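Undergrad: sequence and computational prediction follow.
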Amino acid sequence: MSLYETIFVRRSVRQYDPTPLDADTLADIQRVLDETAPLAGQSARFVLVGGDKINKAAAPHYILASCTPGDAAYANVGFVLQKMDLYLQSIGLGSCWLGMAKPNEPQADYAIMLAFGKTDVPQRGSQTQFKRLPLADISDADNSAAQTARLSPSAMNSQPWFLHFAPGKVTLQYVGRGVMKAILKKKMNKVDIGILTRIVVLALEHEGKTVREIAPIQDGKDFSVDVTYD
């Protein structure tokens with residue numbers, strides 16, 4: 001299953017077989033992680049660890065992400081790890097974003113983690129199983145990229161974005177929603193914008209578009225990501 005196809009069936013998995021994955025599978029996951037390019041001008045540290053490194057671990061494996069605090073840096077973490085989230089589920093594993101979980105040992109500039117492992121939890125059978133806002137609430141256009149973007153996961157399903165489409169460009173604007181804006185705005189919702197960016201890029205590429213630039217934009221307190229394509 002391709003990463004794009006996985007968007008339409010993925011779900012957050014919280015129940016895992018505790019059996020560790022074999023060495024070849026872990027090596028392949030590490031390879032994909034190492035080959036995943038960050039957003040331009042951004043960097044982060046991603047470390048694959050076992051459940052013994054995580055407080056109250058539920059999964060056998062985790063990817064820990066650390067970065068210098070900042071909106072664009074957090075968006076980059078989301079952009080990179082959302083590829084891994086989709087990749088893991090595309091090969092039949094379960095995965096889940098964990099914003100509140102912590103590693104046993106303090107990690108400098110720790111941001112978030114992605115849990116993964118074998119699972120019996122099935123993938124979604126149809127888009128009707130997604131609980132998401134109406135398309136008009138998150139986008140000024142009704143097109144396939146926006147419809148795909150609507151399925152993006154986010155912290156506490158807050159969906160803190162609005163998509164503005166223009167010829168050859170889509171701006172993914174952070175907007176926050178209700179009480180979740182105050183609770184999640186410092187880090188989690190910026191990770192969410194990076195997650196959304198990955199989904200939108202995959203959707204545009206599926207349409208045959210060539211993505212030319214992905215640019216995080218900080219304008220005072222406002223944050224967005226511009227994706228330009230042709």
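TA: Yep, that arrived.
Undergrad: I figured Asp14 was touching Cys96, is that so?
TA: Quick fix: residue 14 reads Arg, not Asp. Yes. Proximity of Arg14 to Cys96 meets the contact threshold set by CB atoms under 8 Å, at 5.7 Å. Every residue, glycine included, has its C-beta placed from N, CA and C.
Undergrad: and Glu213, its phi and psi?
TA: The phi/psi pair for Glu213 (degrees, to the nearest 10) reads phi -150, psi 140.
Undergrad: assign the spatially closest residue to it that is not a sequence neighbour to helix, strand or coil.
TA: In space, and not counting its chain neighbours, Glu213 is closest to Thr228: 4.7 Å by CB to CB, 6 or more residues apart in numbering. Here Thr228 is recorded as strand under DSSP: H, G, I helix; E, B strand; the rest coil.
Undergrad: do the same with Val80
TA: helix.
Undergrad: and what of Gln107?
TA: On the basis of three-state DSSP, Gln107 is classed as coil.
Undergrad: cool, Ile112 as well?
TA: Note that with three-state DSSP, the state of Ile112 is strand.
Undergrad: what's the domain layout of this protein?
TA: 3-117, 127-229 (automatic domain parsing).
Undergrad: and the longest one, end to end?
TA: Just to be clear, that refers to domain 3-117. The separation between the terminal residues of domain 3-117, taken as CA to CA, to the nearest Å, is 18 Å.
Undergrad: returning to that earlier point: Arg14 and Cys96: who's more crowded?
TA: Cys96 (24 against 13; other CB atoms under 10 Å).
Undergrad: and that one, what's its pLDDT?
TA: pLDDT, Cys96: 98.
Undergrad: low-confidence ranges, the protein, go.
TA: 178-185 (pLDDT under 70).
Undergrad: what about Phe46, helix or strand, and which?
TA: Secondary-structure assignment from DSSP states H and E places Phe46 in strand 45-50.
Undergrad: with Val32 instead?
TA: helix 23-35.
Undergrad: what residues of that helix count as buried?
TA: The neighbour-count check on helix 23-35 (16 or more other CB atoms under 10 Å) flags 29, 33 as buried.
Undergrad: show me what it is packed up against.
TA: For helix 23-35, the contact count by 3 or more CB pairs under 8 Å, 6 or more residues apart in numbering; DSSP states H and E identifies strand 45-50, helix 71-90 as packing neighbours.
Undergrad: next, the angle helix 23-35 makes with the last one.
TA: Looking back up the chat, that one is helix 71-90. 150 degrees (axes from the mean of the first three to the mean of the last three CA atoms, to 10 degrees).
Undergrad: repeat for the first one
TA: Relative orientation of strand 45-50 with respect to helix 23-35: 170 degrees, computed using the same axes, to 10 degrees.
Undergrad: parallel or antiparallel, which strands does strand 45-50 pair with?
TA: strand 61-66 (antiparallel) (DSSP bridges).
Undergrad: contacting residues for the nearest residue to Gln129 once chain neighbours are set aside?
TA: Computed as CB to CB, 6+ apart, the closest residue to Gln129 that is not its neighbour in sequence is Arg11, at 7.8 Å. Contact analysis of Arg11 by CB atoms under 8 Å, 6 or more residues apart in numbering lists 121, 123-124, 129.
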